[in-house]
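Trainee: After the sequence you'll find the predicted model.
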Amino acid sequence: MNTHDHARFQVLHQRYHNELTLRGKSAKTIDLYTRCLRQVSDHFDTCPDQLSTQQLQQYFIHLVEHRSWSLVKIARNAMQRFYQYVLDKPWEYVPIVKPPKVQTLQDVLSL
C-alpha cells in the first residue's frame, strides 16, 4: 500500500475498533476482528474498503483451503461487521459451506 492508502487504512481500522468497543464486543473479539481486517488488507495489498465481492470470495476460498474452519467463520463475521459498522454498506453475502468431515480408517484394524 502506498502512504495515502496506509493512512486511510489506519483511520478505518481505528473506526472499526471504536465501533466494536461501543457495541460491547469483548477484547478478544475486537482483537480477532481487527486482525482479520489487517490480514485481508495485507493479502490484497489494498485498503479493505476497495475490495470487490469477487476479491472477498477469492480470499475466502484461500482461507477454506489453507486455514481452519473456525478462522473462516471469524474472518467472514469480521468482514461482515466491518461493512455494516464502518462502511455502512450492505454486506453482499459470500456463501461459504462447511466442508464435510472426512473420516479415515484406522491404520491397524483389531479383532
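Mentor: Perfect, I can see it now. Numbering: from 1, shown residues only.
Trainee: Now do the same contact list for the spatially most central residue of the chain.
Mentor: Nearest to the mean C-alpha position of the chain, by C-alpha atoms, centre = their mean, lies A75 at 2.4 Å. By C-beta atoms under 8 Å, 6 or more residues apart in numbering, the residues touching A75 are C36, Q39, V40, Y59, F60, L63. (Glycine included, C-beta is placed from N, CA and C.)
Trainee: Recalculate using a threshold of 6 Å.
Mentor: Neighbouring residues of A75 by C-beta atoms under 6 Å, 6 or more residues apart in numbering: C36, L63.
Trainee: what do you get for V72?
Mentor: Applying C-beta under 6 Å, 6+ apart, we find V72 in contact with L63, V64.
Trainee: repeat that for 7 Å
Mentor: With contacts defined as C-beta atoms under 7 Å, 6 or more residues apart in numbering, V72 is in contact with F60, L63, V64, I96.
Trainee: tell me the two of the residues you listed that are most distant?
Mentor: For the contacts of V72, the farthest-apart pair by C-beta to C-beta is L63 and I96; their separation is 8.8 Å.
Trainee: Mind telling me what element the residue nearest to the centre of the chain is part of?
Mentor: helix 69-82 (DSSP states H and E).
Trainee: hang on, the earlier thing: what's the lowest-pLDDT member of the contacts of V72?
Mentor: Among the contacts of V72, I96 has the lowest pLDDT, at 75.
Trainee: Mind telling me what element it is part of?
Mentor: Counting by DSSP H and E, I96 is found in no helix or strand.
Trainee: Check what pLDDT the nearest residue to Y85 once chain neighbours are set aside gets.
Mentor: Excluding the flanking residues, the one nearest Y85 by C-beta to C-beta, 6 or more residues apart in numbering is E19, at 4.0 Å. As predicted, E19 sits at a pLDDT of 94.
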